[in-house]
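[1] here is my input, please return the structure:
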Amino acid sequence: MHEFDLSDIDQRNQAAAEYALGCLSQSEKARVEALMAVSHDLQQEVEQWREYLDVLNTSLAPVRPPASVWKVINKRTKVSSGSVWSWQSLFGFSLALMLSVGLFLQWPQPTNVVQNAWVPLIANAQQEPGWVINTSMQKRQLVIESKHPVAMPENTFYELWLMEEGHEPMSLGFLPATGTKVIPFEPSWAERLLNCEIVVTMEGPKGAPDGYNMGPVSDKTKWKRIVF
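    Sure, this is the predicted structure:
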């Protein structure tokens, strides 16, 4: 069975389509789900395919194939009547597979997209990340998700910084207490931001006055490239 290169945009999108259809092997399904855990782009691609296929499922009227179709299938496959697969399920699977290939070819594919990355921040006592940041290069966004946020003293907040060598630190604001925070960035930052170090400091309600007068550092790390 073909193994998808999930670092390739086109193959990742095809894998998302087949995941939504339920056509992946157990090993491929596990690889896709592992990437989905840290890739906001793949999460959205799978959801888009589910929505698209659901529209087809609810809007297309069922068509009963002529008897000649089953005769041809029976002749070519020689599947016995006691097979686990019924003719109807075999036809349905074939139709779903054809749809996945056809829709994939029509789906607009991004080109020259910088590889995504992610980073966990401020682990709790169980070593679970308080927050996870991942890049969405297709949409030019940073997505910050609150996972297991670590409690802070009253009127104290975690401020997020991009530290680029030779430049003043850039504040990205406070980490969200709950939910998700999305930060858009310019196309010119696609490569640049992945060379930055991620720093989290403890600040008051107004944040640090500038990048050279920060509070205590709570975490410091570099991006982790998504490689499969």
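[2] can we go C-alpha only for contacts and neighbour counts from here?
    OK.
[3] helices of this protein, start to end?
    Using DSSP state H, the helices of the chain run over 9-21, 26-36, 40-59, 67-77, 87-106, 189-192.
[4] how's this structure carved up into domains?
    9-106, 117-225 (automatic domain parsing).
[5] residue 3 is nearest to which of the ones you listed?
    domain 9-106 (7.1 Å; C-alpha to C-alpha).
[6] what bridges to residue 217?
    For residue 217, the beta-bridge partners are residue 201 (DSSP bridges).
[7] contacts only, for it.
    Shown in contact with residue 217 (C-alpha atoms under 8 Å, 6 or more residues apart in numbering): 199-202.
[8] any idea how far it lies from residue 50?
    Noted for residue 217: a distance of 42 Å to residue 50, by C-alpha to C-alpha, to the nearest Å.
[9] got it, and residue 213?
    48 Å.
[10] which of the two has more residues huddled nearby?
    residue 50 (17 against 8; other C-alpha atoms under 10 Å).
[11] which residues touch the more buried one?
    Residue 50 neighbours (C-alpha under 8 Å, 6+ apart): 17, 20-21.
[12] mind running it again at 6 Å?
    Residues near residue 50 by C-alpha atoms under 6 Å, 6 or more residues apart in numbering: residue 20.
[13] what pLDDT is listed against it?
    In the predicted model, residue 50 carries a pLDDT score of 79.
[14] what residues does stretch 19-31 touch?
    Against stretch 19-31 from outside (C-alpha under 6 Å, 6+ apart): residue 50.
[15] what's the mean pLDDT across it?
    Stretch 19-31 shows a mean pLDDT of 83.
[16] C-alpha coordinates for that stretch, CSV please?
    Extracted C-alpha coordinates of stretch 19-31, given in CSV (Å, rounded to 0.1, in the frame of the first residue of the first chain):
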residue,chain,number,x,y,z
TYR,A,19,-8.8,9.7,6.3
ALA,A,20,-12.2,11.3,6.0
LEU,A,21,-13.4,8.5,3.8
GLY,A,22,-12.0,5.8,6.2
CYS,A,23,-9.9,4.3,3.5
LEU,A,24,-6.5,4.4,5.3
SER,A,25,-4.7,1.4,6.8
GLN,A,26,-4.3,1.3,10.5
SER,A,27,-0.6,2.4,10.3
GLU,A,28,-1.4,5.3,7.9
LYS,A,29,-4.4,6.3,10.1
ALA,A,30,-2.1,6.4,13.2
ARG,A,31,0.4,8.6,11.3
